[in-house]
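Participant: this one's structure only:
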C-alpha cells in the first residue's frame with residue numbers, strides 16, 4: 001500500500017470565539033498556546049484510495065464538512081466518498097458553527113478553512129510512497145477518568161494528586177485503558193502515526209482563553225519533534241463520559257495539567273512505537 005502524510009496550519013486569529021465548555025460563555029481567544037493543525041493521511045493500493053483528514057477543532061457542522069470534502073476532491077481527484085473528515089474535539093479551538101450559543105464562528109476563518117485543508121491533502125496525496133505498517137497496543141493508564149463514577153472529582157481533587165505519576169482512577173474499568181498505535185514506515189523512517197484513545201480533549205475550562213490542541217494535540221507535536229519527517233494524528237475513541245483527570249480549572253492549573261498530561265501521553269505513544277509491534281501486510 002502507498003501512503004502519504006502532510007499537515008497545514010489552521011490556527012485562527014486572536015479574538016475569535018472558542019468552542020466548548022457549555023453555552024453562552026463567550027470565550028474569545030487571547031493567546032496562541034500552540035498552533036492548530038490539519039493533519040492528513042492519503043492511502044491507495046491500486047484498487048482503493050482514501051484520504052483521512054484530522055482537524056484540531058471541536059467539530060465541523062455538516063455543511064462545512066461538505067465544503068472541505070469538495071475542496072479536497074478538487075485538489076486530489078478523489079471522490080467525495082473517499083474523503084473522511086474527523087476532529088480531535090479540542091475545546092480550545094475556534095467555533096466553526098453547528099452549536100448555538102457555544103461560540104459564534106468567525107466568517108473569514110470558516111471561509112478560508114477548506115482551502116487550507118485541501119492544500120495539506122494535496123501534499124499528502126502527492127507524497128504517497130510504499131510503506132510498511134506496524135501496529136501496537138499499550139497500556140494507557142492515569143490519563144483518563146469516567147466523570148460519572150470518578151471519586152474525588154476532576155474539578156476538586158488537589159491537582160498534585162491527579163498529576164502524580166502513580167495516580168490511577170478508582171474505577172479504571174470505566175475508562176479506555178489501552179492506546180492503539182498504527183505507524184507507517186518508509187524503510188526505517190517513521191512517516192506517519194495514528195494514535196487512538198478514548199478521552200475528551202478538555203484540559204481547560206470556561207475560565208481559559210488559550211488556543212491549543214489540548215493534551216492530545218501537544219503530544220502529537222512532541223512526537224513530530226522527535227520524528228521530524230512524521231505526521232502524528234489523534235483519532236478519538238469512545239469518549240462520551242471520559243475526561244482527563246483534571247479539567248475545568250483556572251489558567252495556571254490548566255497549563256500545568258497540559259504540560260504533565262501531554263508529556264505523559266506522548267511517552268505512551270513512544271512506547272507503542274518502540275514496542276516490538278505487529279507488522280501488517282502492506
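Facilitator: All right, it came through fine. In this text, all values refer to a predicted model and were calculated from it rather than measured experimentally. Residues are numbered from 1 along each chain as shown.

Participant: what ranges do the helices span in the chain?
Facilitator: All helices of the chain, identified by DSSP state H, fall at 62-76, 107-126, 159-162, 214-226, 251-274.

Participant: most tightly packed of the ones you listed?
Facilitator: helix 214-226 (a mean of 22; mean count of other CB atoms under 10 Å). (Each C-beta comes from the backbone N, C-alpha and C, glycine too.)

Participant: which one of the helices of the chain lies nearest to residue 138?
Facilitator: Residue 138 lies closest, by CB to CB, to one member of those: helix 251-274, at 4.6 Å.

Participant: avg pLDDT for that closest one?
Facilitator: Averaged over helix 251-274, pLDDT sits at 96.

Participant: now do stretch 79-99
Facilitator: 95.

Participant: between the two ends of that stretch, how far is it?
Facilitator: End-to-end distance for stretch 79-99, by CA to CA, to the nearest Å: 28 Å.

Participant: buried residues in that stretch?
Facilitator: Across stretch 79-99, burial judged by 16 or more other CB atoms under 10 Å covers 82-83, 85-98.

Participant: returning to that earlier point: export the helices of the chain to JSON lines and append columns for distance to residue 1.
Facilitator: Output for these, formatted as JSON lines (distance: least, CB to CB, whole Å):
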{"stretch": "helix 62-76", "distance to residue 1": "17"}
{"stretch": "helix 107-126", "distance to residue 1": "14"}
{"stretch": "helix 159-162", "distance to residue 1": "41"}
{"stretch": "helix 214-226", "distance to residue 1": "22"}
{"stretch": "helix 251-274", "distance to residue 1": "19"}
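
Participant: and of those, who's closest to residue 6?
Facilitator: helix 107-126 (3.7 Å).

Participant: coming back round to it: which one of the buried residues of stretch 79-99 is nearest residue 122?
Facilitator: Taking the buried residues of stretch 79-99 together and measuring to residue 122 by CB to CB, the closest member is residue 83, at 12.1 Å.

Participant: pull the contacting residues for that closest one.
Facilitator: Residues near residue 83 by CB atoms under 8 Å, 6 or more residues apart in numbering: 50, 51, 53, 68, 69, 72, 73, 121.

Participant: quick one: low-confidence ranges for the stretch 101-250 of the chain?
Facilitator: Scanning the stretch 101-250 of the chain for pLDDT under 70 picks out nothing.

Participant: all strands for it, in order.
Facilitator: Taking DSSP state E, counting those that start in this stretch, the strands of the stretch 101-250 of the chain run over residues 129-130, 132-139, 145-146, 178-186, 189-197, 210-211, 231-236, 242-243.

Participant: mean neighbour count and distance to residue 112 added to those strands, as a markdown table?
Facilitator: Putting the strands of the stretch 101-250 of the chain into a markdown table (neighbours: other CB atoms under 10 Å; distance: least, CB to CB, whole Å) gives the following:
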| stretch | mean neighbour count | distance to residue 112 |
| --- | --- | --- |
| strand 129-130 | 10 | 30 |
| strand 132-139 | 17 | 34 |
| strand 145-146 | 24 | 37 |
| strand 178-186 | 20 | 29 |
| strand 189-197 | 22 | 26 |
| strand 210-211 | 20 | 16 |
| strand 231-236 | 24 | 22 |
| strand 242-243 | 22 | 32 |
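
Participant: thinking residue 185 is in contact with residue 130, fair?
Facilitator: No - between residue 185 and residue 130 there is no contact under CB atoms under 8 Å: 10.2 Å.

Participant: who's the residue nearest to residue 182 when sequence neighbours are not counted bridged to?
Facilitator: Spatial nearest neighbour of residue 182, excluding adjacent residues (CB to CB, 6 or more residues apart in numbering): residue 194 at 4.5 Å. Beta bridges link residue 194 to residue 182, residue 233 when assigned by DSSP bridges.

Participant: ok, residue 194 - contacts?
Facilitator: Residue 194 is in contact with 41, 181, 182, 183, 233, 234, 235, counting by CB under 8 Å, 6+ apart.

Participant: now, which of the contacts of residue 83 sits nearest residue 159?
Facilitator: residue 53 (34.5 Å).
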